[in-house]
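# Return a 3D structure for these sequence lines:
(one chain, ligands or ions: 1)
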Amino acid sequence: MYEFETIAAASDGGARLETRNPADRHSVAGRYLSSDPSRMGDVVGVARAAQRDWAALSDAARLSLLARFLTSLSARAQDIARSITIEQGKPLAEARGEVTKALDESAQMLASAGRPGGAVHATTRAGVTPVTVRRPRGVIAALTPWNFPALSPLRKIVPALAFGNAIILKPSEFSPGAACIIAEVARDVLPEGLLQLVIGGAEIGRELVSVPGVDGITFTGSVATGKAIYRAAADNLAELSLELGGKNAAIIHDVPQMDRCLDQVAGAAFLCSGQRCTAISRVIVRSELAESVIEGLAARARSLVPGDGLQQGTTLGPLISDQHLSRVTGMVALGVRRGARIVTGGAVLTGGACAKGHFYAPTVLRDVTSDNPVAQEEIFGPVISVLTYETLDEAMQLLNGVEFGLTAALFSSDITVIDRFIAGSESGMIHVNHGTTPDSNMPFVGIRNSGVGACSVGPGAAAFYTTEHAVYLGRPQV
Ligand code: NAD
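Predicted coordinates for the structure are as follows:
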């Protein structure tokens, strides 16, 4: 169990937040001091003061302090991974992978911030040189979900600070432990007030995104919350970057190596028990390949070992909460009522290693039509819906016929099919012949209901974390 009594900014010394281990609903995972929503103005004031001094440092000085921060974080990697498994539930190996990926991305983002942009433009008046420069945006508010307790916060903390901002982070109320360890490390290495944590649920989140003085809001979470935050941000005209849900698909068109293809699709579907925004939750397969794809996916689903993520050998963790388990169960039941058939799974797991937690069996559904809710809505659980097609036109219609546009994959060795997929896929991230894992130096981006504003990761993040200015350099007039 983790006790984080001293980390929360602007706590009132009263309210407590307690998290539970999703693999054992009776076991307390962490205890936290909640922040006081009425004191968000003070938190912003502290951030503003810290940001002025931070922005006054040279880029090199800031980046070198942040490099020390990352080194100190690496030394706590095991603690962070354990806290992820205890609060979020994913197997320890996956949690370690999350921390490694987060540190990798952080290093890439420091490198991007070391090239802040700006340019000298063509002159239009003699003696006046037009130059564009980028400056830190100011105070950034960040809100993160429960599924990546270290990756999501670091994906916001590192670029915010590297580009010269202060940041106020509200991690998810289900899994704030990793963010607390990150804040502990920051407290030892970075100037006070640059990174503040606020602890609590939706109420504190609402206050944080509405308080005047926040210059930019970066949010990762559900579409419904994203829309509420968009509305709140409008009142203060705060800049926005929203990373939202997905209903990602893999099209399987023609594959010389079916086993390799299915390993990647099943991995992308079942990692984190399907609770990933980039999880593949639809498989769109050419009819003549359907039987082998369905069988292969079902075999991979059955081979997973559910249980407590701290136990050696566990390859499938629990869902985050009982409420979420009910939602996943309800979605699959609804899908079946609308004509889907369960190939494997489709049930809550209650025995043995799963007796105390919220576990759902890895599930493959067949005979899914495009209007079935399991083909349309984000389930956020270990559930694959298989849809079939005859022509590529049909496949592309199925691919794009959802409200989301996060990530899509195609498996084919036909260059015309590949061209068509790249040009026609209405997704931010487009993968050909591999699963949906993004690289650490590439833009992480969704379109349509999957995202708004600048992407995170990669050089494009500068558009959110900095403001652009036009400077006209004239000669002194003598
Ligand atoms: P959520 O929207 O319920 O909560 C996200 C964060 O917002 C939490 O910190 C929560 O406390 C806070 N919050 C809730 N209501 C709020 C409000 N009205 N105002 C301000 N803050 C509020 O999402 P979740 O259940 O934690 O995470 C799951 C969702 O996140 C899924 O839809 C998933 O697809 C999405 N997600 C997207 C990405 C991405 O990068 N695109 C990555 C991970 C997760």
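# Identify the residues contacting stretch 415-430?
248, 251, 253-254, 278, 392, 396, 399-400, 405-408, 410, 412, 432, 436, 438, 442-448, 450-451, 455 (C-beta atoms under 8 Å, 6 or more residues apart in numbering). For glycine as for every other residue, the C-beta is placed from the backbone atoms N, C-alpha and C.
# Are it and the ligand in contact anywhere?
No: against the ligand, stretch 415-430 shows no contacts by C-beta under 6 Å from any ligand atom, the least distance being 8.7 Å.
# Out of the contacts of stretch 415-430, which are close to the ligand?
Among these, the ligand is touched by Leu406, Gly446 when using C-beta under 6 Å from any ligand atom.
# Counting only helices, which of the contacts of stretch 415-430 make the cut?
Leu392, Met396, Leu399, Asn400 (DSSP state H).
# still on that earlier bit, can you turn the buried part of the contacts of stretch 415-430 into a ChimeraX selection?
Buried subset of these, written as a ChimeraX selection, criterion 16 or more other C-beta atoms under 10 Å:
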select :248,251,253,278,392,396,399,400,405,406,407,408,410,412,432,436,438,443,444,445,446,448,450,451,455
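# quick one on the thing from earlier: can you name the two of the ones in helices among the contacts of stretch 415-430 that are farthest apart?
Greatest spacing in the ones in helices among the contacts of stretch 415-430, by C-beta to C-beta: Leu392 and Asn400 (12.5 Å).
# which secondary structure elements does the lengthiest helix in the chain contact?
Longest helix in the chain, counting residues (DSSP H): helix 92-113. When contacts are defined as 3 or more C-beta pairs under 8 Å, 6 or more residues apart in numbering; DSSP states H and E, helix 92-113 sits against helix 59-75, helix 77-88, helix 151-162.
# where does the stretch 151-300 of the chain come near the ligand, residue by residue?
Near the ligand, when you scan the stretch 151-300 of the chain using C-beta under 6 Å from any ligand atom, you find 170, 172-173, 201-202, 205-206, 209, 220-222, 225, 228-229, 243-246, 277.
# now, which of those lie within strands?
Those of these mapping onto strands are Lys170, Thr220, Glu243, per DSSP state E.
# can I get those residues in CSV with distance to Gly474?
Converted to CSV, those look like this (distance: C-beta to C-beta, whole Å):
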residue, distance to Gly474
Lys170, 45
Thr220, 44
Glu243, 42
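# Nearest to the ligand among the residues you listed?
Closest approach between these and the ligand, by C-beta to the nearest ligand atom: Glu243, at 3.3 Å.
# just the ones in helices among the contacts of stretch 415-430 now: which is nearest Ser83?
For the ones in helices among the contacts of stretch 415-430, the closest approach to Ser83 (C-beta to C-beta) belongs to Leu399, at 37.2 Å.
# list the contacts for the residue nearest the centre of the chain?
For the chain, the residue sitting closest to the mean C-alpha position, by C-alpha atoms, centre = their mean, is Ser152 at 5.1 Å. By C-beta under 8 Å, 6+ apart, the contact list for Ser152 reads Thr144, Pro145, Pro171, Thr220.
# Can you give me the distance of it to Leu73?
Ser152 sits 15 Å away from Leu73, going by C-beta to C-beta, to the nearest Å.
# go on, Val223?
Using C-beta to C-beta, we find Val223 at a distance of 31 Å from Leu73.
# who has more neighbours, these two?
Shown here are Val223 and Leu73; by other C-beta atoms under 10 Å, Leu73 has more neighbours (22 against 18).
# tell me the contacts of the closest residue to the more buried one other than its chain neighbours?
Nearest residue to Leu73, sequence neighbours excluded (C-beta to C-beta, 6 or more residues apart in numbering): Val185, at 5.2 Å. Neighbouring residues of Val185 by C-beta under 8 Å, 6+ apart: Phe69, Ser72, Leu73, Arg76.
# Cool, thanks, talk later.
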